[in-house]
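Student: Pasting the sequence and the predicted model now:
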Amino acid sequence: MKASAYIVGPSDGSGAALINLARCLDFASVTPYGGIAEAEAQSAITPVCFFLFAAVEDVGRLQPFADAIRFCPNRRVRFSPLVYFADNPSIETITRCIAMGFDDVITMPFTTARITDRINRQIGQSLIYYETAGYFGPDRRDRVTAPSRAAESRLGGQFRRLEIVRSLSTGINVLRDDLHMLPG
């Protein structure tokens, strides 16, 4: 696979296990996350970079990492897939990941076939992203865990609707970028 994987999380325990798992998934490279500058440099080499987040006790601690990626000026980093690996999933954890703009939350069992299928869903398909004042990530309007406050959704005013496709040969392709203004 011509994509790289960054592992975000502790260097031991769930982080080490996720590194081992990612190495079995045929990524071009698997490395611990070392910051945005490193990811930007890597995105010039491998057109798609996955950010795989290892399970942590408080998923809220991942907010600065998700924000740094989601609001990066580099389009290849900004539209990169964010995937959280939950060892003990809860609605609260999934809701928080969705609010941070994660593309997927994968729960146990972490089998190679299951994860390969979920990873492949992020490539070669048209995906809709929304950007509001406080959110940038996949369209979540059809989710039970969708934001309920107007400021976190498209009900609060201006938003952008973007249609993208991630390609292993060309990277991130923005097919549409529509700015919408709602009467306030």
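Tutor: Nice, I can see it.

Student: Quick check: mean pLDDT of stretch 42-55?
Tutor: Regarding stretch 42-55, the rounded mean pLDDT is 95.

Student: Off-centre distance for that stretch?
Tutor: For stretch 42-55, the separation from the chain centroid amounts to 10 Å (computed by Cα atoms, centre = their mean, to the nearest Å).

Student: buried ones in that stretch?
Tutor: Of the residues in stretch 42-55, those buried by neighbour count under the rule 16 or more other Cβ atoms under 10 Å are Gln42, Ser43, Thr46, Pro47, Val48, Cys49, Phe50, Phe51, Leu52, Phe53, Ala54, Ala55. Where C-beta positions appear, they are placed from N, C-alpha and C, glycine not excepted.

Student: Quick check: the gap between Ile164 and Leu25.
Tutor: When Cβ to Cβ, to the nearest Å is applied, the distance between Ile164 and Leu25 equals 22 Å.

Student: Neighbour count for these two, which is higher?
Tutor: Set side by side, Ile164 and Leu25 show unequal neighbour counts under other Cβ atoms under 10 Å, the larger going to Ile164 at 20 against 16.

Student: I'd guessed that one sits against Pro81; true?
Tutor: No: using Cβ atoms under 8 Å, Ile164 is not in contact with Pro81, being 10.8 Å away.

Student: shared neighbours of those two, anything?
Tutor: None of the residues lies in contact with both Ile164 and Pro81 under the rule Cβ atoms under 8 Å, 6 or more residues apart in numbering.

Student: how about low-confidence regions in the protein?
Tutor: Low-confidence regions of the chain, defined by pLDDT under 70, span residues 1, 141-156, 182-184.

Student: Could you rerun that using 80?
Tutor: Along the chain, segments meeting pLDDT under 80 span 1, 140-157, 182-184.

Student: Leaving out the residues flanking it, which one is nearest to the residue positioned nearest the centre of it?
Tutor: A centroid search over the chain (Cα atoms, centre = their mean) returns Leu82, at 1.8 Å, as the residue closest to the centre. With sequence-adjacent residues excluded and distances taken as Cβ to Cβ, 6 or more residues apart in numbering, Leu82 is closest to Phe102, at 4.5 Å.

Student: Surely that neighbour and Gln63 touch.
Tutor: No: at 11.0 Å, Phe102 does not count as touching Gln63 under the criterion of Cβ under 8 Å.

Student: and the two most separated of the buried residues of stretch 42-55?
Tutor: Maximum pairwise distance among these (Cβ to Cβ): 27.8 Å, between Pro47 and Ala55.

Student: Among the buried residues of stretch 42-55, which are located in helices?
Tutor: If you go by DSSP state H, these have Gln42, Ser43 in helices.
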